[in-house]
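A.B. asks: Structure for this input, please:
(one chain, ligands or ions: 1)
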Amino acid sequence: MFQHVDAYAGDPILSLNEAFQKDPRANKINLSIGIYFDDEGRIPMLDSVRKAELAVVADAGARPYLPMEGAANFRTAVQHLLFGAEHPALKAGRIVTIQAVGSSGGLKVGADFIKRYFPDSAVYVSEPTWDNHRAVFEGSGIEVKNYPYYDPATGGLRFDAMLAALREMPKKSVVLLHACCHNPTGVDLTPAQWQQLVPVLRERELLPFLDLAYQGYGDGIEEDAYAVRLLADEGLSFFIANSFSKSMSLYGERCGALSVVCPDAAQAALVMGQLKAAIRRNYSNPPMHGGQLVARVLSTPELRAAWEAEVKGMRERIKAMRKSLHSVLSAKLPGRDFGYFLSQHGMFSYTGLTPEQVERLKAEFGVYVLRSGRMCVAGLNTRNVEAVAVAMAAVLAD
Ligand code: PMP
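C.D. replies: Numbering: from 1, shown residues only. So this is what the prediction gives:
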């Protein structure tokens with residue numbers, strides 16, 4: 001019956017994570033998967049989230065289905081977090097938000113909507129991008145193309161080439177942009193570069209699709225929403241998928257959202273209707289529990305303040321690890337410039353390691369990074385950073 005079914009090659013990131021789990025070496029170090037670990041190497045349970053959970057459980061009642069679009073308190077809290085409670089586009093009813101099964105679910109609902117209402121549009125993603133971007137959009141039957149982004153020569157951004165590519169895109173093309181903490185490179189646009197993007201997006205009538213999976217891991221919770229607010233301030237229409245997997249350490253609860261900023265309230269109502277239709281035919285309605293933790297944290301002032309402090313702690317720990325790695329590597333290989341470890345943002349860095357060097361890191365030192373050279377800096381800690389730097393220096397020196 002199923003002989004004709006193709007074998008699934010597996011997801012490269014998840015497969016490498018499985019290989020790590022099976023590796024018997026005691027000194028192995030996992031810098032592959034995009035998860036924040038604390039200095040003890042554990043996935044944190046944030047205190048603000050724990051307190052919210054206790055309160056939510058204490059108040060728990062019956063569990064009816066949520067509406068297709070999710071819980072109203074969650075959706076409002078997300079809108080205020082992303083745009084600011086007083087944003088004129090919110091007040092004008094131009095922004096619609098649905099609770100999604102992680103931001104992956106938000107991307108999927110958005111992709112289905114795009115396929116139906118912009119059937120001739122391709123989606124352009126940065127070269128490189130998170131592997132699943134291509135998979136999700138192609139899975140909805142959309143053609144996926146690249147625009148230039150990362151410059152291996154400098155470890156920075158090919159901004160002029162990116163702008164030039166945007167200028168050549170057919171009208172109504174969808175442009176997927178990482179709002180902060182680009183995965184996999186850690187290379188972000190500066191505020192000035194975002195501003196330069198706006199007229200091109202407007203003139204070419206492009207449809208930006210922002211992905212904000214790491215809010216708070218770059219420069220701050222508000223700062224990392226810069227691109228979202230700028231595009232909304234500029235009156236553009238766009239999509240934004242955002243996630244609480246990393247910012248609240250709620251990976252397995254699948255908490256995310258999709259928002260669409262529309263030209264007016266009437267169009268927003270139409271879009272909302274079709275987002276609901278897309279949800280209905282995919283999974284009917286989202287789960288309840290995780291979203292209620294998020295809503296509670298965001299809308300209870302003490303919990304909100306505690307969460308912001310915890311996110312700051314995570315962000316600063318990553319920055320400290322970047323500095324340690326940079327200083328050991330610079331001392332060991334003085335001729336090389338490792339400044340990109342300091343300038344890149346968020347959880348990830350493109351190390352510039354070749355696939356062969358990555359393989360040696362794993363085989364000889366038990367250090368796991370992705371084949372592309374992407375390292376999850378959030379897997380470093382005060383006990384392993386020196387060993388990682390020594391291992392990297394060894395494979396880079398030969
Ligand atoms: N976008 C990017 C860029 C990501 O890195 C991730 C998670 N690795 C996601 C979206 C999906 O996050 P989630 O579905 O857990 O919210």
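A.B. asks: what about the closest residue to residue 122 other than its chain neighbours, distance to residue 246?
C.D. replies: In this structure, residue 122 finds its nearest non-sequential neighbour in residue 143, 4.2 Å apart by CB to CB, 6 or more residues apart in numbering. In this view, the C-beta of every residue, glycine as well, is placed from N, C-alpha and C. Distance of residue 143 to residue 246, given as CB to CB, to the nearest Å: 29 Å.
A.B. asks: Looking at these two, which has the bigger crowd around it?
C.D. replies: residue 246 (23 against 12; other CB atoms under 10 Å).
A.B. asks: Helices along the stretch 1-150 of the chain, start to end?
C.D. replies: Under the criterion DSSP state H, counting those that start in this stretch, helices of the stretch 1-150 of the chain are mapped to 12-22, 47-58, 72-83, 88-91, 102-117, 131-139.
A.B. asks: Show me this protein divided up by domain.
C.D. replies: For the chain, the structural domains run 12-46+309-397, 65-299, going by automatic domain parsing.
A.B. asks: hmm, the last one touching the ligand?
C.D. replies: To tie it back to what came earlier, the one meant is domain 65-299. Yes: contact between domain 65-299 and the ligand, assessed by CB under 6 Å from any ligand atom, occurs at 102, 103, 104, 130, 178, 183, 211, 213, 243, 245, 256.
A.B. asks: Could you measure from the residue lying closest to the fourth one once chain neighbours are set aside over to residue 211?
C.D. replies: What that stands for is residue 130. Counting by CB to CB, 6+ apart, residue 183 is the residue found nearest to residue 130 once chain neighbours are left out, at 4.6 Å. In this structure, residue 183 and residue 211 are 8 Å apart, going by CB to CB.
A.B. asks: Need the overlap of contacts for these two.
C.D. replies: In terms of CB atoms under 8 Å, 6 or more residues apart in numbering, residue 183 and residue 211 are both contacted by the residues residue 130.
A.B. asks: so who does the most centrally placed residue in the chain touch?
C.D. replies: Residue closest to the mean C-alpha point of the chain, counted by CA atoms, centre = their mean, is residue 213 at 2.6 Å. Remark: with contacts taken as CB under 8 Å, 6+ apart, residue 213 is in contact with 103, 178, 181, 183, 241, 242, 243, 245, 246.
A.B. asks: So which of these belong to helices?
C.D. replies: Counting by DSSP state H, the part of the contacts of residue 213 found in helices is residue 103.
A.B. asks: for the contacts of residue 213, which one is nearest residue 121?
C.D. replies: Of all these, the one with the least separation from residue 121 (CB to CB) is residue 241, at 16.8 Å.
A.B. asks: so the closest one touches residue 106, yeah?
C.D. replies: Yes: A contact is recorded between residue 241 and residue 106 when judged using CB atoms under 8 Å, the distance being 3.6 Å.
A.B. asks: OK, contacts around the closest residue to residue 28 other than its chain neighbours?
C.D. replies: Using CB to CB, 6+ apart and skipping residues adjacent in sequence, the residue nearest residue 28 is residue 366, 3.8 Å away. Under the criterion of CB under 8 Å, 6+ apart, the neighbours of residue 366 are 23, 25, 27, 28, 29.
A.B. asks: Any figure for the gap between the last one and residue 390?
C.D. replies: When you say that, I think you mean residue 29. In this structure, residue 29 lies at 11 Å from residue 390, with CB to CB as the measure.
A.B. asks: Repeat that for residue 329.
C.D. replies: Using CB to CB, which is the criterion applied here, residue 329 is 9 Å from residue 390.
A.B. asks: Please say which of these two ends up with more neighbours.
C.D. replies: Using other CB under 10 Å as the criterion, residue 329 and residue 390 rank with residue 329 on top: 20 against 14.
A.B. asks: May I have the secondary structure class of the more buried one?
C.D. replies: Secondary structure of residue 329, reduced to three states by DSSP: H, G, I helix; E, B strand; the rest coil: helix.
A.B. asks: Show me the strands in the protein, by range?
C.D. replies: In the chain, strands defined by DSSP state E lie at 29-30, 95-101, 123-127, 144-148, 150-151, 156-157, 174-178, 207-212, 238-243, 255-261, 348-350, 367-368, 374-376, listed in chain order.
A.B. asks: Show me the shaky parts of the stretch 1-150 of the chain.
C.D. replies: Counting by pLDDT under 70, the stretch 1-150 of the chain contains no low-confidence range.
A.B. asks: give me every residue that touches whatever residue of it ends up closest to the ligand.
C.D. replies: Here the residue of the stretch 1-150 of the chain nearest the ligand is residue 102; by CB to the nearest ligand atom that distance is 2.8 Å. With contact taken as CB under 8 Å, 6+ apart, residue 102 is in contact with 243, 245, 254, 255, 256.
A.B. asks: Output these in TSV; the columns should cover pLDDT.
C.D. replies: Converted to TSV, these look like this (pLDDT from 0 to 100):
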residue	pLDDT
243	98
245	98
254	98
255	98
256	98
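A.B. asks: Kindly give a single ChimeraX line that selects the buried subset of those.
C.D. replies: ChimeraX command restricting the contacts of residue 102 to the buried ones, with burial defined by 16 or more other CB atoms under 10 Å:
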select :243,245,254,255,256
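A.B. asks: of all the contacts of residue 102, which two lie farthest apart?
C.D. replies: Pairwise distances among the contacts of residue 102 were taken by CB to CB; the largest, 9.3 Å, belongs to 243 and 254.
A.B. asks: Quick check, residue 272 in contact with residue 96.
C.D. replies: Yes: between residue 272 and residue 96 a contact is recorded at 4.1 Å, counting by CB under 8 Å.
A.B. asks: Need the residues touching each of these two.
C.D. replies: In the contact map built from CB under 8 Å, 6+ apart, the residues linked to both residue 272 and residue 96 are residue 260.
A.B. asks: So between those two, which is more surrounded?
C.D. replies: Counting neighbours by other CB under 10 Å for residue 272 and for residue 96 shows that residue 96 has the greater number, 23 against 18.
A.B. asks: Not counting its neighbours along the chain, what's nearest residue 47?
C.D. replies: Here the residue nearest residue 47, using CB to CB, 6+ apart, is residue 306, at 6.3 Å.
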